[in-house]
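One predicted model, sequence on top.
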2 protein chains.
Amino acid sequence: MRIGELARRTAVSERSLRYYEQQGLLTADRTAGGQRDYPEWAVDRVVRIQELFAAGLHSKKIARLLPCLRDADGGPSEIATPQLVTELIAEQRRIDRTIIELTTSRDVLGEVIDAASEPSGSLSDR
Amino acid sequence: MRIGELARRTAVSERSLRYYEQQGLLTADRTAGGQRDYPEWAVDRVVRIQELFAAGLHSKKIARLLPCLRDADGGPSEIATPQLVTELIAEQRRIDRTIIELTTSRDVLGEVIDAASEPSGSLSDR
DNA sequence: GTAGAAGCTGACACCAGTGTCAGGTTCAAC
DNA sequence: GTTGAACCTGACACTGGTGTCAGCTTCTAC
């Protein structure tokens, strides 16, 4: 499929898809005229990349991680090096901390929302 | 307390603390000489601000939210306006989606880590 | 073959929080 | 009073993924 369709199906801009290629995250065949031609599994790959970005990983680390992923990219998946494994464990810990922080913030927002939703002046407290 | 101590106790840079003040997130008394003098509860406040930043809220929204927080800032907490409540509910939903994404990514990393930790070649699959 | 949609590269800008530096002032201890 | 640490303001830079524009080429359907 071409870039426009991939952008539509993943809700990721064409600009970003080209950026992913530049960063070595996503390769594409080229037509005789030089236009990108993506395989079907590129959709899953792009979604995965977006998730990893959202998780705070930088493109360089994602680029090292992707070959080790067992997604439907057709190829056999590589085994992560010990160095990469160490880094990924650290990333996991960071993600865990982030989830805790997010949960806290979510609850903080909830308190404010609840306080505003109580019938005028939180009568139940008085 | 002065800015250096607050920075040390919260692990937030002095630069950031001054930025928070500039954004209306954190006020401080001033000494006769013009140096910032923070109350004890500023520590909690700074931690809260950091969490909200980590949750993806921008400083302007945090500035509107903070007066409604029931933390130990001494003052009575305001009631959020309906407009703010609507926005906060949207933020909550965004945070929820983010948590789900983070969990997914965390598991993806876990797969790669596990694959590398299995005794050479994932024999159990064969 | 031609028109219009879609794609290409390259470049510049943005966001928003943070790092860092310069040049000056204040504070606390001697 | 002097000295050194701590603080002040203001300014500029960075990060890194994304938006956007210009100028050109390719593809597809008529």
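Received, thanks. Treat the numbers as computed from the prediction; the structure is a model and nothing was measured. Residues are numbered from 1 along each chain as shown, chains lettered A, B, ... in the order given.

do the helix or strand where residue A:89 lies and chain B meet at all?
Secondary-structure element containing residue A:89, defined by DSSP states H and E: helix A:82-117. Yes. Interface with chain B: helix A:82-117 contributes A:82, A:84-85, A:88-89, A:91-92, A:95-96, A:98-99, A:101-106, A:108-113, A:115-117 (CB under 8 Å from any CB of the partner chain). All C-beta spots, glycine's among them, are computed from the backbone N, C-alpha and C.

Show me what counts as buried in stretch A:82-98.
For stretch A:82-98, the neighbour count (16 or more other CB atoms under 10 Å in any protein chain shown) marks A:84, A:85, A:87, A:88, A:91, A:92, A:95, A:98 as buried.

so how far is stretch A:87-107 off the chain centroid?
With CA atoms, centre = their mean, to the nearest Å as the basis, stretch A:87-107 stands 15 Å off its chain's centre.

sorry, that was for stretch A:8-21
Stretch A:8-21 sits 13 Å away from the centroid of its parent chain (CA atoms, centre = their mean).

for it, which positions count as buried?
So for stretch A:8-21, counting by 16+ other CB under 10 Å, buried means A:10, A:12, A:16, A:17, A:20.

Between the residues you listed, which sits nearest DNA strand D?
Checking the buried residues of stretch A:8-21 against DNA strand D by CB to the nearest atom of the strand gives residue A:16 as the nearest, at 3.6 Å.

returning to what we had before: can the helix holding residue A:89 be found next to DNA strand D?
No. Residues of helix A:82-117 contacting DNA strand D under CB under 7 Å from any atom of the strand: none, with a closest distance of 13.2 Å.

which other helices and strands contact that helix?
helix A:59-65, helix B:42-54, helix B:82-117 (3 or more CB pairs under 8 Å, 6 or more residues apart in numbering or on different chains; DSSP states H and E).
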